[in-house]
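[1] I'd like to go over a predicted model; first the sequence, then the structure.
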Amino acid sequence: MKESNKDLDAMDRRLPRVVRHLREWRARHARIVYGQVLRGVSYGVGSGAVSLLVIWYETRR
């Protein structure tokens with residue numbers, strides 16, 4: 001079924017508000033997301049370094 005023009009007008013008015021809300025959310029949370037990505041990368045690098053040390057130790061034994 002097709003929506004009435006009244007429903008479409010309401011959606012047209014709501015869309016800019018939703019877009020603005022999403023932009024504000026992204027601005028508030030961008031630093032948090034960046035920090036989490038950086039933490040994940042550092043954990044991965046640390047895990048890789050420990051793995052390399054273990055492999056090196058095992059080959060020297």
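    The structure has been received and is ready for your questions. Residues are numbered from 1 along each chain as shown.
[2] give me the distance between the one helix or strand residue 39 maps to and the centre of its chain.
    Applying DSSP states H and E as the criterion places residue 39 in helix 5-60. Mean-position distance between helix 5-60 and its chain equals 2 Å (CA atoms, centre = their mean, to the nearest Å).
[3] give the rounded mean pLDDT of it.
    The average pLDDT within helix 5-60 is 87.
[4] residue 52 and residue 45: what is the separation?
    Applying CB to CB, to the nearest Å, the value for residue 52 to residue 45 is 11 Å. Yep, even glycine has a C-beta here, placed from its N, CA and C like the rest.
[5] residue 51 too?
    On the measure of CB to CB, residue 51 and residue 45 end up 11 Å apart.
[6] repeat for residue 23
    As judged by CB to CB, residue 23 and residue 45 stand 33 Å apart.
[7] equivalent analysis for residue 13, please.
    49 Å.
[8] and what of residue 53?
    Between residue 53 and residue 45 the distance is 13 Å, computed by CB to CB.
[9] cool, residue 18 as well?
    Separation of residue 18 from residue 45 (CB to CB): 38 Å.
[10] buried residues in stretch 34-54?
    For stretch 34-54, a neighbour-count test (16 or more other CB atoms under 10 Å) marks nothing as buried.
[11] for residue 27, see how far away the spatially most central residue of the chain is.
    For the chain, the residue nearest the mean C-alpha position is residue 33 (5.4 Å; CA atoms, centre = their mean). Distance of residue 33 to residue 27, given as CB to CB: 11 Å.
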